[in-house]
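Colleague: predicted model and sequence below, questions to follow.
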Amino acid sequence: MMKYLLTLSTICLLQSCVKPIDERDIVPLPITAASTPRALAAGSDVIARLRTELPNSCHEFYGIRLAMPQPRTYEIRMEATRSRGRVCADVLQIVDTAYTLPVATSSGRYLLRYFYKDQLFKTDTVDVN
């Protein structure tokens, strides 16, 4: 009986020391700058450069989300993870990144639309010859 109580009290003690798991949400980020080449040769990749701002220390850059609602039309959004239940420092962090989009397999005009949520930031046109 004594071993049982000792084991149970040890488990309870260890459980009280366990930190809660940091819960995170994926949230959209505003795009503050975007640049893409205006023209490419067929078979080339589009290399675009993007800039965003993380509003505080609870945000971490997560990635770029691409969608193709129509042929040769791409929608680009940036995302971050945001911690829940933490005290966050008001520190503005600038993130510069680039991505490669292998779209230029055939000649034509490609549209790259940059969004924050459902708000269009800008549209770039890439002509592929």
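Modeller: The structure has been received and is ready for your questions.

Colleague: partners of the strand or helix carrying Tyr114, with directions?
Modeller: Assigned by DSSP states H and E, Tyr114 falls within strand 108-116. When pairing is defined by DSSP bridges, strand 108-116 lines up against strand 73-83 (parallel), strand 119-128 (antiparallel).

Colleague: looking at those strands, which is nearest to Ile47?
Modeller: Closest of these to Ile47 is strand 119-128, at 10.5 Å (criterion: Cβ to Cβ). For the C-beta atoms, the positions are set from N, CA and C on the backbone; glycine is no exception.

Colleague: flag every buried residue along the closest one.
Modeller: Phe121, Asp124, Val126, Val128 (16 or more other Cβ atoms under 10 Å).

Colleague: got a pLDDT number for Gly108?
Modeller: Here the pLDDT value assigned to Gly108 is 86.

Colleague: quick one: it from Thr125, how far?
Modeller: Going from Gly108 to Thr125 by Cβ to Cβ, to the nearest Å gives 11 Å.
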